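**Q** Kindly return the folded structure for what I paste below:
(3 chains)
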Amino acid sequence: MVKTPSFNKNGVIKKGAWSEDEDNKLRAYIQRYGHWNWRLLPEFAGLSRSGKSCRLRWMNYLRPNIKHGNFTTEEEDIIVQLHNKLGNKWSEMAAYLPGRSDNEIKNRWHTHLKKRAQVGQRVLEKEPDNANNKEKFVKISEIKLQQPIESPLSSSSSNLLSYFFNRSNSEGSVEVRPQPVEHTHNFWTEPFLWENDSIISSCDNLFLPTDLDYPAFSKDMIMVDEFLWSSLNSFLQYGDPFIN
DNA sequence: AACGCGGGCAACCGCCGGATA
DNA sequence: GTATCCGGCGGTTGCCCGCGT
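**A** I've put the predicted structure just below:
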């Protein structure tokens, strides 16, 4: 965690690295209510951050199934190949690399792969007939890309819902509606403000698998994760926040 | 041991496009 | 048609850390 100065003073938007406490607040809030409006979210979640900052933190670091750490050789090869085809379309590339955020891919490109690609290009220009080089780059270009994965995690709440319902319909229309969690707070009448850290830490467990009846027909629906379920749950409990 | 430097990465900034009133 | 809001995206910044001298 990068240390940074804190500017959290009465109404001042805080910038810089996120603390563990802030992460917990954001995670707990989104797991429970989803991200219905990024701009208003920090106020309800008790965070002195901009909505954009919250969104970025969630997308790049906190959301479930996000991968951190070293890229595999295969992932790097895919990035190089995708960059050849797409250019700097980091978000599109991210669709091909499950668990990797566009920011992470972009960083990886700038810190490692850009140089590698430039060196490779120079070698090819200098020694165009070198069989080994040709073989190497042909090999990379032949990597069979998977179809981009439609990631519900990078979509809006409403898209999440349509994703969910489309999937369930196409899977045979099994009744899979999760059981709503008993909320102790009413989202629309009560700001979601934390009173102390003990509450925050306990809220990490707000959304346990036992709160819902997971569908048995599709294992990967579970992987769609708690966030989708919580969004759906909020929808079922409170209706569409954009209509009400 | 102290210092400088560059790499790595998280986070910010500004712009753009879509949706809505 | 226009203004406004919001989310998303890509470029950029700035801080930390490890390594070399």
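**Q** Next up, the contacts around the residue lying closest to residue A:59 once chain neighbours are set aside.
**A** Distances taken as CB to CB, 6 or more residues apart in numbering put residue A:101 closest to residue A:59, at 6.0 Å, once the chain neighbours are dropped. Every C-beta, even on glycine, is put in place using the N, C-alpha and C of the backbone. When contacts are counted by CB atoms under 8 Å, 6 or more residues apart in numbering, residue A:101 touches A:59-61, A:66, A:94.
**Q** which one among those gets closest to residue A:76?
**A** Looking at these and their distance to residue A:76, the nearest is residue A:94, at 14.3 Å (CB to CB).
**Q** What does residue A:34 show for phi and psi?
**A** phi 80, psi 180 (degrees, to the nearest 10).
**Q** State the distance from it to residue A:107.
**A** Note on residue A:34: its distance to residue A:107, by CB to CB, to the nearest Å, is 27 Å.
**Q** what about the two, which has more around it?
**A** Using other CB atoms under 10 Å as the criterion, residue A:34 and residue A:107 rank with residue A:34 on top: 24 against 13.
**Q** Let me see the confidence value for the more buried one.
**A** On pLDDT, residue A:34 comes in at 90.
**Q** can you check residue A:39 too?
**A** According to the model, residue A:39 scores 91 on pLDDT.
**Q** so who does residue A:45 touch?
**A** Contacts of residue A:45 by CB under 8 Å, 6+ apart are A:25-26, A:28-30, A:54, A:192.
**Q** What separation do you get for it and DNA strand B?
**A** 15 Å (CB to the nearest atom of the strand, to the nearest Å).
**Q** what's the closest non-adjacent residue to that residue?
**A** That would be residue A:29: by CB to CB, 6+ apart, it lies 3.8 Å from residue A:45.
**Q** unless I'm mixing things up, the one you found is touching residue A:44, no?
**A** Yes: counting by CB atoms under 8 Å, residue A:29 sits close enough to residue A:44 to count as a contact (6.9 Å).
**Q** got the domain boundaries for chain A?
**A** Annotated domains of chain A cover A:20-64+A:151-238, A:73-141 [automatic domain parsing].
**Q** tell me the mean pLDDT for stretch A:52-64?
**A** pLDDT averaged over stretch A:52-64 gives 92.
**Q** Report the buried residues of that stretch.
**A** Within stretch A:52-64, the residues scored as buried using 16 or more other CB atoms under 10 Å are A:53-63.
**Q** Return the closest of these with respect to residue A:75.
**A** residue A:60 (16.4 Å).
**Q** Correct me if wrong: that closest one contacts residue A:105.
**A** No: with contact defined as CB under 8 Å, residue A:60 does not count as touching residue A:105 (10.6 Å).
**Q** Mind checking if the strand or helix carrying residue A:76 is in reach of DNA strand C?
**A** Per DSSP states H and E, residue A:76 falls inside helix A:73-86. No: using CB under 7 Å from any atom of the strand, helix A:73-86 never reaches DNA strand C; the gap is at least 7.8 Å.
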